[in-house]
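# Structure here, sequence nowhere to be found:
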């Protein structure tokens, strides 16, 4: 489900894909957010995708270089 959120799908679009009610999708996403320790779709996707590669470097090396 979170993969579809990462692709920009709305709760309604995900619900149609899974033959669920949009409220069911919302509840499942709330549970996912809780397990990931986040509060928003964006934060959940960021946690799901992990560090990104920026110009051949991982996010941790970029943050370390800026400190």
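Received, thanks. Being a predicted model, the structure only gives us computed values, none of them experimental. Numbering: from 1, shown residues only.

# Tell me how many other residues crowd the nearest residue to residue 49 once chain neighbours are set aside.
The shortest distance from residue 49 to any non-neighbouring residue, by CB to CB, 6 or more residues apart in numbering, is to residue 6 (6.4 Å). Heads up, the C-betas are built off the backbone N, CA and C, glycines and all. Neighbour count of residue 6, defined by other CB atoms under 10 Å: 15.

# I'd say residue 6 and residue 47 touch.
No. With contacts counted by CB atoms under 8 Å, residue 6 stays clear of residue 47, the gap being 10.6 Å.

# Could you look up the SS state of residue 20?
coil (DSSP: H, G, I helix; E, B strand; the rest coil).

# Tell me the predicted confidence for the nearest residue to residue 28 once chain neighbours are set aside.
Spatial nearest neighbour of residue 28, chain neighbours left out: residue 1 (6.0 Å); criterion: CB to CB, 6+ apart. Note for residue 1: predicted pLDDT of 90.

# likewise residue 38?
Residue 38 is given a pLDDT of 95.

# cool, and residue 35?
pLDDT recorded at residue 35 is 96.

# hmm, who's touching the helix or strand hosting it?
Following DSSP states H and E, one finds residue 35 within helix 22-36. Applying CB atoms under 8 Å, 6 or more residues apart in numbering, the contact partners of helix 22-36 are 1-2, 5, 11-12, 14-15, 18, 39-41, 43-44, 47-48.

# if you set the cut-off to 6 Å instead, what comes out?
By CB atoms under 6 Å, 6 or more residues apart in numbering, the residues outside helix 22-36 that reach it are 11-12, 14-15, 44, 47.

# What residues does residue 20 make contact with?
Contacts of residue 20 (CB under 6 Å, 6+ apart): none.
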